[in-house]
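**Student:** Give me a 3D structure for the following:
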Amino acid sequence: MPAWSIVPGGENMIEGTMIGMSASGKRLIVYRTKTGYFATDRRCTHQGADLLRGYFDREVIECPVHQGRFNVCTGAALSPPVSTPLAVYPVKVVDGKVLVEV
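**Tutor:** Coordinates of the predicted model:
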């Protein structure tokens, strides 16, 4: 059953940053964009590279290994070699705390 988890340090995130975290046995990345907070799986769907080591700009995370790109808001695969989207998770802010549902 899905549960809401607090994003450690989420309240201090500034636009254009990302934080790695674990919740309910999953490794995630939480991003802060101009339009809000978003969360995705941490591993690239191509060969499992750690996206936390990737390049994040606006609403796009680029894999550090093969430069495949994903939209962090929707999880959509944007460029080869990735073709499978990232899983995305709901995020909300309550009383200044950032929460992700896993």
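**Student:** So what pairs up with Val94 in the strands?
**Tutor:** As for beta bridges, Val94 partners with Lys97 under DSSP bridges.
**Student:** what separates it from Val100, distance-wise?
**Tutor:** 12 Å (C-beta to C-beta, to the nearest Å). For the C-beta atoms, the positions are set from N, CA and C on the backbone; glycine is no exception.
**Student:** More neighbours: those two, which one.
**Tutor:** Higher neighbour count among Val94 and Val100: Val100, with 24 against 9, using other C-beta atoms under 10 Å.
**Student:** tell me which element the more buried one is part of?
**Tutor:** strand 97-101 (DSSP states H and E).
**Student:** And that strand, what does it pack against?
**Tutor:** For strand 97-101, the packing partners by 3 or more C-beta pairs under 8 Å, 6 or more residues apart in numbering; DSSP states H and E come out as strand 4-6, strand 26-33, strand 91-94.
**Student:** Mean neighbour count, those: which tops it?
**Tutor:** strand 26-33 (a mean of 21; mean count of other C-beta atoms under 10 Å).
**Student:** For Pro90, grab the count of nearby residues.
**Tutor:** Other residues close to Pro90 by other C-beta under 10 Å number 13.
**Student:** How about it: what's its closest non-neighbour residue?
**Tutor:** Once flanking residues are discounted, Pro90 sits nearest to Glu101: 4.4 Å by C-beta to C-beta, 6 or more residues apart in numbering.
**Student:** same thing with Val60?
**Tutor:** Val60 sits nearest to Arg69 (C-beta to C-beta, 6+ apart), 5.2 Å away.
**Student:** phi, psi of that neighbour?
**Tutor:** phi -120, psi 150 (degrees, to the nearest 10).
**Student:** what residues are up against it?
**Tutor:** Going by C-beta atoms under 8 Å, 6 or more residues apart in numbering, Arg69 touches 60-63, 77-79, 82.
**Student:** List buried residues within the residues you listed.
**Tutor:** Those of the contacts of Arg69 that meet the buried threshold are 60-63, 77, 82, by 16 or more other C-beta atoms under 10 Å.
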